[in-house]
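1. Quick one: sequence plus predicted model below, questions after.
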Amino acid sequence: AEENASKLQANLNELQDELRSVTASYKSDTARLEERLSTRDAQLEELKESVEKKKQEVKEAQEKVNMANEEVKDLKRDIEKYEKACAEKEHEIASMVSQRISYEKKATR
């Protein structure tokens, strides 16, 4: 009986050692996984912040493009007005020159 008790104790000690080893391995693996998860979470947060920053940059750039497009429209309108005014002046000048030529022809007769 003492021999059986001794064997059982040895088996129990062996099982307890194995349990301690498995538990230590589990805790170590869990700690490593938690550390990796924490790192990934931090990377994900950085990525989210980067994406939000890029979205804001795109929005600001689009606003600048829209403002530039409005300026282009205004400039085109100004050019059209200027061209129209120039055409009117050219017509006025041509009319004055024509009148002057006509007047000079009458004066030389």
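-> Looks like it came in fine.

2. can we go C-alpha only for contacts and neighbour counts from here?
-> Will do.

3. what are the ranges of the helices in the chain?
-> Secondary structure of the chain (DSSP state H): helices at 2-108.

4. Check it and tell me which residue is nearest its centre.
-> By CA atoms, centre = their mean, the chain has its centre lying nearest to Lys54, at 2.5 Å.

5. For Lys48, see how far away that residue is.
-> 10 Å (CA to CA, to the nearest Å).

6. what's the answer for Ala31, then?
-> Ala31 is 25 Å from Lys48, by CA to CA.

7. Could you do Lys105 as well?
-> For Lys105, the distance to Lys48 equals 84 Å [CA to CA].

8. Could you do Arg77 as well?
-> Applying CA to CA to Arg77 and Lys48 gives a distance of 43 Å.

9. ditto for Leu75
-> Per CA to CA, Leu75 is found 40 Å from Lys48.

10. cool, Leu19 as well?
-> Distance, Leu19 to Lys48, using CA to CA: 42 Å.

11. With Asp74 instead?
-> For Asp74 relative to Lys48 (CA to CA), the value is 39 Å.

12. for Cys86, same thing?
-> From Cys86 over to Lys48 (counting by CA to CA), the distance is 56 Å.

13. quick one: contacts for Lys84?
-> Not one residue lies near Lys84 by CA atoms under 8 Å, 6 or more residues apart in numbering.

14. can you do 10 Å?
-> Neighbouring residues of Lys84 by CA atoms under 10 Å, 6 or more residues apart in numbering: 78, 90.

15. Check Lys105 too.
-> Taking CA under 10 Å, 6+ apart, we find Lys105 in contact with Gln99.
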